[in-house]
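In: give the three-dimensional model of this entry:
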Amino acid sequence: MSDIQAEVRLPTQELRQDIPFFTKVLKMRMDMIYPADDPSVAVFSGHGLRVRIEKGASEPAGTLRILTDDPGGFADGQTVLTAPNGTRVEIAALNEPLILPETVHRFVVRRLADQAPWIIGRAGMQYRDLIPDRLGGSIIASHIRIPDGGPVPDMVHYHTVGFQLIFCYRGWVDLVYEDQGEPFRLHAGNCVIQPPQIRHRVLYASDNIEVIEIGVPAEHVTTIDHDMTLPNGPANPDRVFDGQRFVHHRAEQATWAPFRIPGFQSRDTTIAEHTNDVAGVHVVRPGEGSTVWTEHNSDILFTFVMEGQVTLEGEGRDASFLTAGDAFVIPPRMAYRLSDPSSDLELLEVSLPGVFDTKVVAR
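Out: Down below sits the predicted model:
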């Protein structure tokens, strides 16, 4: 197959003024120039880009973005420049910095019966937003489903995140992760955390697969890795990714213990331990004793009702009768109670940080 190249064309009025800018300031290489007696076209290459500057071209001057690990040292500290031909040049960080917005605390109840729209997202998956205002951009919680199972049109990719959880709610899905060995099946009731920048791919899904995905912050970058093939090399399950270890929590191996709230018990997914307390994830069900009013000091406390029903009572709020598919967020220092739980109640609780204080309050 013959070589193929692509280039971007930009206009100019006087090519001679552009040559020193593109070669000296932007540190690109001039590959071509013609005609010799009165040049009107020059082609420059560098930083993964090929640019054709053409006198009298009809396109707008456009914008070039140059990404570098040292934005301050690339063009004598300038991060926004204008080329002689009018092209705007932005010098930016090669890797987008992870920005964790300050949490905007709010009491949230999201009901499945409210018929919030399902949105078609990445790889054809259907997304339902469980925290519409995303607490000021600090978190996104999505109910994701794929009605028709089979191969998933996914690619090897990674996320620039602070924390990310995938909890299989219904059905099953086949996944593969960097340094975690062969592909495996994530069954309903089980979960994984995707540490920052771990390469992974969704391979195959059952019919009517549903997962709950938590991402911190709400807006984060997904990058396709065209060079990595998964599975890769020998497994290295103890590898640390930006302070976190991969976790595949299996319900059948979990131990139930009294929960932080009297009247309930939980199975700890060990995610707090493996993320250095960035986040904690518990599956909760009714236990012994009566339910009580409590308050907490966690920055974010999100709960999804997986099975059964329960009444959520909040200080200064009308009681909410919740059933499977509903979700809620309790802000710190707000008194609340989960009352009249059905015997089959099962909750998914996600907290940031993983360990925090809870106290019983009198009502």
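
In: C-alpha from now on. contacts and neighbour counts both.
Out: OK.

In: look up the closest residue to Leu345, ignoring the ones flanking it.
Out: Gly308 (4.1 Å; C-alpha to C-alpha, 6 or more residues apart in numbering).

In: tell me if I'm right that the one you found and Asp340 touch.
Out: No - between Gly308 and Asp340 there is no contact under C-alpha atoms under 8 Å: 10.8 Å.

In: per-residue pLDDT, the residue positioned nearest the centre of the chain?
Out: Central residue of the chain (C-alpha atoms, centre = their mean): Gly215, 4.4 Å from the mean position. Gly215 is assigned 97 on the pLDDT scale.

In: spit out the contact partners of it.
Out: Residues counted as contacts of Gly215 (C-alpha atoms under 8 Å, 6 or more residues apart in numbering) are Ile139, Ile140, Ala141, Val161, Gly162, Phe163, Gln164, Leu165.

In: now, among those, which is nearest to Ala254?
Out: Leu165 (17.4 Å; C-alpha to C-alpha).

In: for the closest one, helix, strand, or coil?
Out: For Leu165, the assignment made with DSSP: H, G, I helix; E, B strand; the rest coil gives strand.

In: quick one, what contacts it?
Out: Taking C-alpha under 8 Å, 6+ apart, one finds Cys191, Val192, Ile193, Gln194, Ile212, Glu213, Ile214, Gly215 in contact with Leu165.

In: what about the first one, how many neighbours?
Out: So that's Cys191. By the criterion of other C-alpha atoms under 10 Å, Cys191 has 24 neighbours.

In: now flag whichever of the contacts of Gly215 is closest to Gly72.
Out: Scanning the contacts of Gly215 for proximity to Gly72, where the rule is C-alpha to C-alpha, the winner is Val161, at 24.6 Å.

In: what's the distance between that closest one and Gly189?
Out: Val161 sits at a distance of 23 Å from Gly189 (criterion: C-alpha to C-alpha, to the nearest Å).

In: with Val173 instead?
Out: Applying C-alpha to C-alpha, the value for Val173 to Gly189 is 12 Å.

In: and if you look at Gln164?
Out: 17 Å.

In: remind me which residues of this structure are low pLDDT?
Out: For the chain, the stretches with pLDDT under 70 are 1-2, 122-123.

In: which residues sit against the longest helix seen in it?
Out: The helix that spans the most residues within the chain, counting by DSSP state H, is helix 15-20. Under the criterion C-alpha under 8 Å, 6+ apart, residues Thr12, Met30, Pro39, Ser40, Val41, Ala42, Ile53, Glu54, Lys55, Ala83, Pro84, Asn85 lie in contact with helix 15-20.

In: any idea whether the last one is helix, strand or coil?
Out: Meaning Asn85. coil.

In: these two touch, right, it and Phe21?
Out: No - Asn85 is beyond contact range of Phe21, at 9.8 Å (criterion: C-alpha under 8 Å).

In: care to break this protein down by domain?
Out: Following automatic domain parsing, the chain resolves into domains at 8-93, 108-249, 253-360.

In: with distance to Glu102 added, can I get those domains in TSV?
Out: Shown next, in TSV, are the domains of the chain (distance: least, C-alpha to C-alpha, whole Å):
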stretch	distance to Glu102
domain 8-93	22
domain 108-249	6
domain 253-360	10
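
In: and Ile99, which of those is closest to it?
Out: domain 108-249 (7.4 Å).
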